[in-house]
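K.L.:
return atomic coordinates for the entry below.
(one chain, ligands or ions: 1)
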Amino acid sequence: MKQIIESAFYSVYNSSPNLIVRSPGRVNIIGEHTDYNNGFVLPAAIDKAAYIAISLRDDDEIHLFAKDLNEHFSTDIHNIKPIGDISWPNYILGSVAQFQKLGVQIRGFNAVLASDVPMGAGLSSSAAVECATVFAFNQLFNTNIDKVKMVLMAQKAEHEFAGVMCGIMDQFASMMGKKDHVIQLDCQSLEYKYVPFKLEGIKILLLNTNVKHSLASSEYNTRRNECKQAVTWVQEKYNSVQSLRDVSEQMLDELVLPKSKLIDQRSRFVVQEIQRLINGCEDLNNGNLEALGKKMFETHHGLSQMYAVSCKELDFLADFVRHNPAVLGARMMGGGFGGCTINLVYENAIDELIASIQPAYENAMQLPLTYYVASIENGTEII
Ligand code: GAF
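P.N.:
All right, here's what the predicted structure looks like:
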């Protein structure tokens, strides 16, 4: 990839880049829609990544080229604002804007973006671009910002320029990932620990529905508000409660269920999921992957039936593998309404599984099913 992006840079700008940064996509083993509720998540960076090649200019102009889309975009440093018609420049511009907000005197630059993180697959292709850009700027302008602060800047780029009020998980996983480890992240304190995840004979198999329903970002923001509503109702009696992290199912029985069955279902899923992750981490520490896998299926059920962020394509894939003894666990992953399922599968059974699930899915959904065996890699880095 390094050579490909270097030569693309050369052919567009007729010079070599000062810097190339790689920032990966992510998977999440368990703990979905818990990050913006101050709960825990268990993500990891993977072997699919966004790459940004970049050089500073002597003037104020910004020139961007997205190699995979063969699209150019230009603006200047006095005019950095979200743009409406195409999305990819927003991830870069939103990240650069964070440096301007800090008062860093930035200059114009030329950049080429390339990525093998499939778009719309729920693998955080946008967080990868944001983290790559923030990391590159920190390097180019010697701003010495620590990595967790850079994660927060990348998250702000998504909020302010893409309009998705995402939690911290995706940017954290992309920036902080560590080879063969998952990150057990407390999204309230941002304390984290790396847990080894090198599983003998077991692989992470991603099955891509190849759909991204248009509801995805509007429903995401709606779920956030539904969770907030539940917290507000609980706070009427328990005023020390700050988020769903502090809420129990008894509190929901008492203060949310009587008011709204829908808000109860949404918030109950989150309360259960936070606990499920804590128990799942114990399973992982005890090497009990069967138990962890069962919890992944429970997560899928909750995301589909209670949190209502699944879709028929994701449900098809999770249901298809549910009773397959070679699949320890499976569930939809990420924000929902399309993208991938994550499956923990015995390596020697993958070919057989693909041979049966691919035609079944394509026949039922009239869509292609693609798949990736993901390995866990390091987070954002200069290459
Ligand atoms: C998306 C968001 F970007 C994350 O912050 C997280 O909320 C996830 O959906 C759901 O767990 O990927």
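K.L.:
ok, now how distant is whatever residue of the stretch 1-150 of the chain ends up closest to the ligand from residue 263?
P.N.:
Nearest to the ligand, among the residues of the stretch 1-150 of the chain, is residue 32, at 4.0 Å (Cβ to the nearest ligand atom). (C-beta placed from N, C-alpha, C; glycine too.) Using Cβ to Cβ, to the nearest Å, residue 32 is found at 18 Å from residue 263.
K.L.:
when those two are compared, which one has more neighbours?
P.N.:
Neighbour count, other Cβ atoms under 10 Å: between residue 32 and residue 263, residue 32 has more, with 30 against 20.
K.L.:
the more buried one against residue 272, yeah?
P.N.:
No. At 11.4 Å, residue 32 does not count as touching residue 272 under the criterion of Cβ atoms under 8 Å.
K.L.:
in three-state terms, label residue 238 for me.
P.N.:
coil (DSSP: H, G, I helix; E, B strand; the rest coil).
K.L.:
which parts of this protein sit against the ligand?
P.N.:
With Cβ under 6 Å from any ligand atom as the criterion, the chain meets the ligand at residues 32-33, 35-36, 124, 166-167, 169-170, 334-335.
K.L.:
may I ask which of those has the most neighbours?
P.N.:
Neighbour max across the residues of the chain next to the ligand (other Cβ under 10 Å) = residue 124, 33 neighbours.
K.L.:
now do the same contact list for it.
P.N.:
When contacts are counted by Cβ atoms under 8 Å, 6 or more residues apart in numbering, residue 124 touches 25-26, 117, 170-171, 173-174, 334.
K.L.:
ok, now residue 112?
P.N.:
Contacts of residue 112 by Cβ under 8 Å, 6+ apart are 5, 8-9, 12-13, 17, 52-54, 64-67.
K.L.:
pLDDT-wise, which helix or strand of the chain ranks last?
P.N.:
Counting by mean pLDDT, DSSP states H and E, the chain has its least confident helix or strand at helix 216-235, which shows a mean of 94.
K.L.:
and that one, what's buried?
P.N.:
216-217, 219-220, 223-224, 226-227, 229-231, 233-235 (16 or more other Cβ atoms under 10 Å).
K.L.:
name the nearest residue to the residue of the stretch 201-350 of the chain found nearest the ligand, ignoring sequence neighbours.
P.N.:
Residue of the stretch 201-350 of the chain nearest the ligand, by Cβ to the nearest ligand atom: residue 335 (3.5 Å). Leaving aside its chain neighbours, residue 335 sits nearest to residue 220 (5.1 Å; criterion: Cβ to Cβ, 6 or more residues apart in numbering).
K.L.:
likewise residue 172?
P.N.:
With Cβ to Cβ, 6+ apart, the residue lying closest to residue 172 is residue 151, at 5.0 Å.
K.L.:
and residue 271, what does it touch?
P.N.:
Residue 271 touches 244, 247-249, 252, counting by Cβ under 8 Å, 6+ apart.
K.L.:
now with 10 Å, please.
P.N.:
34, 37, 39, 227, 230, 244-249, 251-252, 256 (Cβ atoms under 10 Å, 6 or more residues apart in numbering).
K.L.:
after the helix or strand hosting it comes which helix or strand?
P.N.:
Following DSSP states H and E, one finds residue 271 within helix 261-285. The helix or strand immediately downstream of helix 261-285 is helix 289-305, counting by DSSP H and E.
K.L.:
buried residues, the helix or strand following that following helix. List them.
P.N.:
Next along the chain after helix 289-305, taking DSSP H and E as the criterion, comes helix 312-321. By neighbour count with 16+ other Cβ under 10 Å, helix 312-321 contains the buried residues 313-318, 320-321.
K.L.:
kindly reformat those as JSON lines containing distance to residue 104 and pLDDT.
P.N.:
As requested, the buried residues of helix 312-321 are exported to JSON lines (distance: Cβ to Cβ, whole Å; pLDDT from 0 to 100):
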{"residue": "313", "distance to residue 104": "43", "pLDDT": "98"}
{"residue": "314", "distance to residue 104": "41", "pLDDT": "98"}
{"residue": "315", "distance to residue 104": "46", "pLDDT": "98"}
{"residue": "316", "distance to residue 104": "48", "pLDDT": "98"}
{"residue": "317", "distance to residue 104": "44", "pLDDT": "98"}
{"residue": "318", "distance to residue 104": "45", "pLDDT": "98"}
{"residue": "320", "distance to residue 104": "50", "pLDDT": "98"}
{"residue": "321", "distance to residue 104": "48", "pLDDT": "98"}
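K.L.:
let me know the closest of the residues you listed to residue 276.
P.N.:
Closest approach between the buried residues of helix 312-321 and residue 276, by Cβ to Cβ: residue 318, at 15.6 Å.
K.L.:
the closest one reaches residue 343, doesn't it?
P.N.:
Yes. Applying Cβ atoms under 10 Å, one finds residue 318 in contact with residue 343, separated by 8.7 Å.
K.L.:
which residues are in contact with each of the two?
P.N.:
207, 296, 327, 329-331.
K.L.:
among those residues, who's most crowded?
P.N.:
residue 207 (30 neighbours).
K.L.:
low-confidence ranges, the stretch 1-150 of the chain, go.
P.N.:
Applying pLDDT under 70 to the stretch 1-150 of the chain flags no residue at all.
K.L.:
which of the contacts of residue 271 are buried? Put it as a ChimeraX command.
P.N.:
Buried subset of these, written as a ChimeraX selection, criterion 16+ other Cβ under 10 Å:
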select :34,37,39,227,230,244,245,246,247,251,252,256
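K.L.:
can I get the contacts of residue 271 in JSON lines with secondary structure?
P.N.:
Formatted as JSON lines, the contacts of residue 271 follow (three-state DSSP):
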{"residue": "34", "secondary structure": "coil"}
{"residue": "37", "secondary structure": "helix"}
{"residue": "39", "secondary structure": "coil"}
{"residue": "227", "secondary structure": "helix"}
{"residue": "230", "secondary structure": "helix"}
{"residue": "244", "secondary structure": "helix"}
{"residue": "245", "secondary structure": "helix"}
{"residue": "246", "secondary structure": "helix"}
{"residue": "247", "secondary structure": "coil"}
{"residue": "248", "secondary structure": "coil"}
{"residue": "249", "secondary structure": "helix"}
{"residue": "251", "secondary structure": "helix"}
{"residue": "252", "secondary structure": "helix"}
{"residue": "256", "secondary structure": "coil"}
